[in-house]
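Colleague: A predicted structure for the sequence below; I have some questions about it.
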Amino acid sequence: MDCLLVVEAAAFTESPSTNSVAPQADSLTEEQVSEFKEAFSLFDKDGDGQITTKELGTVMRSLGQNPSESELQDMINEVDADNNGTIDFPEFLTMMARKMKDTDSEEEIREAFKVFDRDNNGFISAAELRHVMTSIGEKLTDDEVDEMIREADQDGDGRIDYNEFVQLMMQK
């Protein structure tokens, strides 16, 4: 799984899009849809196919955010096409397709990096990556964590620095 999908979704909810034309979810590849399905299941804690404000709040808090109830409702309203107060998978896909079209601001990327860099030393270690992924409900083996680090670690020091993180975010 793309380790940043959930953080991407969280970053999206913090900065409502000003695009009036939403990119279509049907432009996503099968692999992207599959990865987004996995990310959706991390939000949809009870598995009912809907993300509620309560579930969104749980994930946001696990990422170190502290949104109010009205902020959570605003986040859901941003993509709730059928106005039923929750986000279903097609609405989530639309949100993620829109997010992929937007270029992340420096501030969004820095905030996402801070979520992972828990000790603020400027690097994301395997332990920090595992902690964040576990806190959002994604259980990873040591090999999976090591593979995620290896994919992003361009200088081979076994951890991800900010520049490597930016490169990873720009690949999406």
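Modeller: Structure received. Numbering: from 1, shown residues only.
Colleague: pull the number of nearby residues for Glu138.
Modeller: Per other Cβ atoms under 10 Å, the neighbour tally for Glu138 reads 18. The C-beta positions use only the backbone N, C-alpha and C, and glycine is treated the same way.
Colleague: for the remainder of this discussion, apply numbering that starts at 307.
Modeller: Sure, I'll start numbering at 307, so the last one becomes Glu444.
Colleague: how about Asp467, phi and psi?
Modeller: phi -90, psi 180 (degrees, to the nearest 10).
Colleague: and it, how many neighbours?
Modeller: Asp467, neighbours per other Cβ under 10 Å, totals 19.
Colleague: residue contacts, Phe419?
Modeller: Going by Cβ atoms under 8 Å, 6 or more residues apart in numbering, Phe419 touches 430, 468, 471.
Colleague: and the residue lying closest to Ser333 once chain neighbours are set aside, which helix or strand is it part of?
Modeller: Nearest non-adjacent residue to Ser333, counting by Cβ to Cβ, 6 or more residues apart in numbering: Ala403, 6.4 Å away. If you go by DSSP states H and E, Ala403 is part of helix 395-407.
Colleague: so how far is Glu344 from Thr359?
Modeller: Relative to Glu344, Thr359 is positioned 22 Å away (Cβ to Cβ, to the nearest Å).
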